[in-house]
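*Asks:* could you look at this predicted model? Sequence included:
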Amino acid sequence: MIKKLMLAVAALVASTSFAFAQVDVNKADAALLDGVKGVGPSMSKMILDERAKGEFKDWADFQQRVKGVGDKKAMKLSEAGLQVNGKAKEGAAAKPAAAKAEKTSAKTDAKAKPAEQKAAM
């Protein structure tokens, strides 16, 4: 029972780290772009259409070529994991996947302890 519980916790932690993966606009396909919070099907199509004309050099180039992406939107996209040439937007607060996974793990461990105590009885 405890082995199954520990396996479930490990799987949960592993899956949450994938949710915050970094996505580079010059390498991602439509599905990966759609996975970034703030990017929908229409924006991912605009990104792919512009990228077909040439890769994005930096965030300024990205903002200039993709309609509707100003400074605020670019910051939010960068914080959500979008990158241009492997770089986040300057000044954007990065959300480290490890910190999120640790918080989730701590919450799951707290919920799991009563179950472990019952199993030990």
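*Replies:* It's in.
*Asks:* what residues are up against Ala92?
*Replies:* 74-75, 78-79 (C-beta atoms under 8 Å, 6 or more residues apart in numbering). C-beta here means a position set from N, CA and C on the backbone, and glycine is covered the same way.
*Asks:* can we see that at 10 Å?
*Replies:* 59, 74-80, 82-83 (C-beta atoms under 10 Å, 6 or more residues apart in numbering).
*Asks:* quick check on Asp61: phi, psi?
*Replies:* For Asp61, the backbone dihedrals (degrees, to the nearest 10) come out as phi -60, psi -40.
*Asks:* picking that back up, from the contacts of Ala92, which is closest to Asp24?
*Replies:* Nearest to Asp24 among the contacts of Ala92 is Gln83, at 4.8 Å by C-beta to C-beta.
*Asks:* pLDDT wise, what is the closest one at?
*Replies:* What the model reports as pLDDT for Gln83 is 95.
*Asks:* returning to that earlier point: could I get the contacts of Ala92 in JSON lines, plus columns for distance to Gln22, secondary structure and neighbour count?
*Replies:* As requested, the contacts of Ala92 are arranged in JSON lines below (distance: C-beta to C-beta, whole Å; DSSP: H, G, I helix; E, B strand; the rest coil; neighbours: other C-beta atoms under 10 Å):
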{"residue": "Trp59", "distance to Gln22": "14", "secondary structure": "helix", "neighbour count": "24"}
{"residue": "Ala74", "distance to Gln22": "15", "secondary structure": "helix", "neighbour count": "22"}
{"residue": "Met75", "distance to Gln22": "15", "secondary structure": "helix", "neighbour count": "17"}
{"residue": "Lys76", "distance to Gln22": "15", "secondary structure": "helix", "neighbour count": "16"}
{"residue": "Leu77", "distance to Gln22": "12", "secondary structure": "helix", "neighbour count": "28"}
{"residue": "Ser78", "distance to Gln22": "10", "secondary structure": "helix", "neighbour count": "24"}
{"residue": "Glu79", "distance to Gln22": "11", "secondary structure": "helix", "neighbour count": "16"}
{"residue": "Ala80", "distance to Gln22": "10", "secondary structure": "coil", "neighbour count": "17"}
{"residue": "Leu82", "distance to Gln22": "8", "secondary structure": "strand", "neighbour count": "27"}
{"residue": "Gln83", "distance to Gln22": "5", "secondary structure": "strand", "neighbour count": "21"}
